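In: Return a 3D structure for these sequence lines:
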Amino acid sequence: MSQQSHRIAVVIPCYDVSRTIEGVVATIPPDVWRIYCVDDCSNDDSRSVISQLARRDPRVVAVARETNGGVGAAVVKGLRRALDDGADVVVKVDGDGQMNGAFVPDFAKPILEGEADYVKGNRFFDIEHVLEMPRLRLLGNAGLSFFSKLSTGYWHLFDPTNGYVAIHAEVARLIPLHKLHPRYFFESDFLFRLAILRAKVIELPMETTYGEEVSNLSIWRCLVTFPFLHFRNFMKRLFYNYVLRNFSIGSIGLPTGVLLMTLGAGYGLAKWIESFRTDEAATAGTVMLSALPVLVGIQLILGFLSQDISSVPDQPVHRRLLHKKVIVTPRRLQGKK
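Out: Numbering: from 1, shown residues only. As a prediction, this is how the structure comes out:
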């Protein structure tokens with residue numbers, strides 16, 4: 001399937017990228033349909049640089065936000081504009097120069113060929129390049145990756161926080177864009193919404209260039225805010241996919257396992273405190289009454305995780321959506337005759 005016959009759009013969130021945005025646009029192949037550069041109220045000359053690019057390159061569309069909303073808000077604004085204009089695939093590339101725009105067709109290809117709904121970059125494929133990443137950033141990404149796997153259910157992803165992504169337009173239209181987190185949690189929140197749709201997500205190996213730029217992501221967000229947001233999404237995913245839309249052995253196993261572990265640990269703690277106060281050793285029966293529920297609870301939780309890992313979506317959603325359109329449209333036309 002030729003990419004030239006499809007409208008591939010690129011969305012670039014821009015904040016203080018006056019020195020790098022021109023180079024990023026220059027790397028994007030000429031067969032890309034449109035490039036939406038969204039200025040998020042930059043403090044430098046980004047807006048004027050983008051306007052100049054739009055005059056020189058007919059593919060570039062200058063989009064400006066009235067207030068600073070964060071990278072997520074900028075992407076959503078560009079994504080809405082691309083969908084309204086009729087894009088088939090939308091690829092998101094950062095404007096700070098860390099991502100090579102030449103890879104845009106590679107990210108769009110699996111979607112156009114019907115292999116995936118969403119494609120993410122994977123910076124951890126080549127261990128040599130992984131070791132070149134800043135140590136603090138590497139540590140933060142490793143920790144957040146586990147939380148993201150748990151909250152989204154995409155256990156096969158090795159780089160969930162990567163911002164080089166591509167999505168099919170039909171799938172993007174199903175996502176409540178107004179509910180997405182507007183700032184740095186955007187990528188993980190997007191994956192959570194895709195998990196609710198049971199969309200198929202794959203990764204592509206990529207390299208990232210780290211220059212002298214300073215990350216605006218604070219340690220506080222990594223250690224406190226992000227884990228809380230991941231836990232919130234995890235609970236929502238459990239309700240949507242294991243209670244509201246489906247009911248399986250995992251729907252029973254997880255809450256039962258957590259309950260047994262809590263009761264066993266609570267009983268054991270209470271008996272330990274009592275034994276410490278009375279200076280009397282706990283009997284074997286008391287130990288078993290505490291340990292057995294904990295062991296059974298752990299087994300039930302592991303069983304749930306095993307089922308959850310094996311339930312990663314493997315069929316693209318957009319193929320069913322397009323098939324439905326092909327069938328429904330002629331019937332509607334026949335009804336008007």
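
In: shaky segments in the stretch 1-150 of the chain?
Out: 1-4, 129-130, 132-134, 136-137, 140 (pLDDT under 70).

In: Find the nearest non-adjacent residue to residue 205, please.
Out: residue 125 (3.6 Å; C-beta to C-beta, 6 or more residues apart in numbering). To be clear about C-beta, it is placed using only N, CA and C from the backbone, and glycine gets the same treatment.

In: Identify the residues contacting that neighbour.
Out: 158, 205, 206 (C-beta atoms under 8 Å, 6 or more residues apart in numbering).

In: State the helix or strand in which the first one lies.
Out: Counting by DSSP states H and E, residue 158 is held by no secondary-structure element, helix or strand.

In: where's the residue nearest to it when sequence neighbours are not counted, which helix or strand?
Out: In space, and not counting its chain neighbours, residue 158 is closest to residue 124: 5.0 Å by C-beta to C-beta, 6+ apart. For residue 124, there is no enclosing helix or strand under DSSP H and E.

In: can I assume residue 124 is in contact with residue 159?
Out: Yes - with contact defined as C-beta atoms under 8 Å, residue 124 reaches residue 159; the gap is 5.3 Å.

In: for the stretch 151-300 of the chain, what spans make up the strands?
Out: Ranges of strands in the stretch 151-300 of the chain, per DSSP state E, counting those that start in this stretch, are 165-168, 201-205.

In: which residues are contacting the longest one?
Out: To tie it back to what came earlier, the one meant is strand 201-205. So strand 201-205 is contacted by 103, 106-107, 110, 115-122, 125-126, 154, 156-159, 162, 191, 194, 313 (C-beta under 8 Å, 6+ apart).

In: Between residue 124 and residue 159, tell me which one has more neighbours.
Out: residue 159 (23 against 18; other C-beta atoms under 10 Å).

In: What residues does the more buried one make contact with?
Out: 120, 121, 122, 123, 124, 141, 145, 203.

In: Relative to residue 271, which of those residues is nearest.
Out: Closest approach between the contacts of residue 159 and residue 271, by C-beta to C-beta: residue 145, at 38.4 Å.

In: which one is that closest one nearest to, not counting chain neighbours?
Out: Using C-beta to C-beta, 6+ apart, the closest residue to residue 145 is residue 160 (5.5 Å).

In: what does residue 188 give?
Out: residue 148 (4.9 Å).

In: that older thread, how close does the residue nearest to residue 205 get to residue 110?
Out: Distance from residue 125 to residue 110, counting by C-beta to C-beta, to the nearest Å: 16 Å.

In: repeat for residue 232
Out: 30 Å.

In: of these two, who's got more company?
Out: Neighbour totals were compared for residue 232 and residue 110, and residue 110 leads with 20 against 13 (other C-beta under 10 Å).

In: Residue 187 and residue 164 touch, don't they?
Out: No - at 9.8 Å, residue 187 and residue 164 do not qualify as touching, with contact defined as C-beta under 8 Å.

In: any residues in contact with both of those two?
Out: Common neighbours of residue 187 and residue 164 (C-beta under 8 Å, 6+ apart) do not exist.

In: domains for this protein, by residue range?
Out: Split into domains by automatic domain parsing, the chain comes to 3-242, 247-331.

In: Quick check: which of those domains is buried the most?
Out: Stretch with highest mean neighbour count among the domains of the chain: domain 3-242 (a mean of 19; mean count of other C-beta atoms under 10 Å).

In: so how far is that domain from its chain's centroid?
Out: 9 Å (C-alpha atoms, centre = their mean, to the nearest Å).

In: mind listing the helices in the stretch 101-250 of the chain by residue range?
Out: 104-112, 127-130, 135-152, 169-172, 186-197, 219-220, 226-239, 249-278 (DSSP state H, counting those that start in this stretch).

In: so how far is residue 172 from the spatially most central residue of the chain?
Out: With distances taken as C-alpha atoms, centre = their mean, the residue of the chain nearest its centroid is residue 191 (3.0 Å). According to C-beta to C-beta, residue 191 stands 13 Å off from residue 172.

In: do residue 152 as well
Out: 17 Å.

In: try residue 148
Out: 20 Å.

In: now residue 80
Out: 9 Å.

In: now swap in residue 200 and tell me
Out: Counting by C-beta to C-beta, the gap from residue 200 to residue 172 is 14 Å.

In: which other residues reach stretch 169-179?
Out: Counting by C-beta under 8 Å, 6+ apart, residues outside stretch 169-179 touching it are 76, 79-80, 82-83, 87-90, 117-118, 190, 193-194, 197, 199, 317-318, 321-322.

In: wait, residue 99 sits on residue 163?
Out: Yes - Residue 99 is within contact range of residue 163, at 7.5 Å (criterion: C-beta under 8 Å).

In: tell me, what's touching the two both at once?
Out: Contacts common to residue 99 and residue 163, judged by C-beta under 8 Å, 6+ apart, are residue 121.

In: Stretch 233-250 spans what distance, first to last residue?
Out: One end of stretch 233-250 sits 17 Å from the other (C-alpha to C-alpha, to the nearest Å).
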